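1. Output the structure for:
(chains A and B)
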Amino acid sequence: EVQLLESGGGLVQPGGSLRLSCAASGFIFSSYAMTWVRQAPGKGLEWVSSISGSGDKTDYADAVKGRIIMSRDNSKNTLHLQMNSLRAEDTAVYYCAKDFWLRDEPSRFFDIWGQGTMVTVSS
Amino acid sequence: QSALTQPASVSGSPGQSITISCTGTSSDIGGYNYVSWYQQYPGKAPKLMIYDVSSRPSGVSNRFSGSKSGNTASLTISGLQAEDEADYYCGSSTSTSALIFGGGTKLTVL
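-> Residues are numbered from 1 along each chain as shown, chains lettered A, B, ... in the order given. Below you'll find the model as predicted:
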């Protein structure tokens, strides 16, 4: 079964850091681009970042650029999101999502999503 | 970049058809055929319903269809069923290699 399992969420103070992880199983992880999408409480979806299958290329939303680093370890089928200088507006459920197309470059379509991990930024 | 514009809510009776619009600009919807639609139930992860404007992934009912005209994309659900009651989000690639979503539309089946 194709599965994504996020972890690492929690409560953090403004200005703090957090590292999210996403464990993938059931598919050839290195063959697919991956993406993080977040959803603030009661709000809509917001794209955060994407990474190519090889890990060579990353894209970030303007709202997080310079504060967030997305990476992947294809040997461990794991995705990471290092979040620094966190702000209240970063409070959200963070989903990792698998790209729909079997190719290195992100397509921006996601067919498998994790259950999400909640990040709360508050003092 | 601003979010795509969707109506906050739409409603319909079982068996009817409804259409959800998603309006962007020439830098996103109007410039690319990379429009997607997701269905999301409360407390659950989104599900891909439409990609490439009008293509359906395997397993998605053919009651769901997508289209685009200029800067506006649309999702049509025909033969409305109670299980279709959910939030729906459109998404589009942009000229800056980003992805933007709409604000979401709550579908109520009366």
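2. ok, now which ones touch residue B:106?
-> Residue B:106 is in contact with B:8-10, B:87, counting by C-beta atoms under 8 Å, 6 or more residues apart in numbering or on different chains. Backbone N, C-alpha and C define where each C-beta goes, glycine included.
3. and what of residue B:26?
-> Applying C-beta under 8 Å, 6+ apart, the residues contacting residue B:26 are residue B:71.
4. gap between it and residue B:70?
-> For residue B:26, the distance to residue B:70 equals 8 Å [C-beta to C-beta, to the nearest Å].
5. Disregarding residues adjacent in the polypeptide, which is nearest to residue B:17?
-> Distances taken as C-beta to C-beta, 6 or more residues apart in numbering or on different chains place residue B:78 nearest to residue B:17, at 4.4 Å, with adjacent residues excluded.
6. How far does the longest strand seen in chain B sit from its chain's centre?
-> Longest strand of chain B, by residue count under DSSP state E: strand B:86-93. How far strand B:86-93 lies from its chain's middle: 4 Å, per C-alpha atoms, centre = their mean, to the nearest Å.
7. Quick one: list the elements packing against the following helix or strand past that strand.
-> Where DSSP states H and E defines the elements, the next helix or strand beyond strand B:86-93 is strand B:99-101. Where contact means 3 or more C-beta pairs under 8 Å, 6 or more residues apart in numbering or on different chains; DSSP states H and E, strand B:99-101 is packed against strand A:45-51, strand B:86-93.
8. Describe which strands strand B:99-101 pairs with in its sheet and in which direction.
-> Strand pairing for strand B:99-101, determined by DSSP bridges: strand B:86-93 (antiparallel).
9. could you give me the average pLDDT of the strand it pairs with?
-> Averaging pLDDT along strand B:86-93 gives 97.
10. Outside of the longest strand of chain B itself, list whatever touches it.
-> Against strand B:86-93 from outside (C-beta under 8 Å, 6+ apart): A:44-45, A:47, A:108, B:4, B:6, B:20, B:22, B:24, B:28-29, B:32, B:34-42, B:46, B:49, B:73, B:75, B:99-102, B:104-107.
11. residues contacting the most centrally placed residue in chain A?
-> In chain A, the residue lying closest to the centroid (C-alpha atoms, centre = their mean) is residue A:36, at 2.8 Å. By C-beta under 8 Å, 6+ apart, the residues touching residue A:36 are A:20, A:22, A:47-50, A:70, A:79, A:81, A:94-97.
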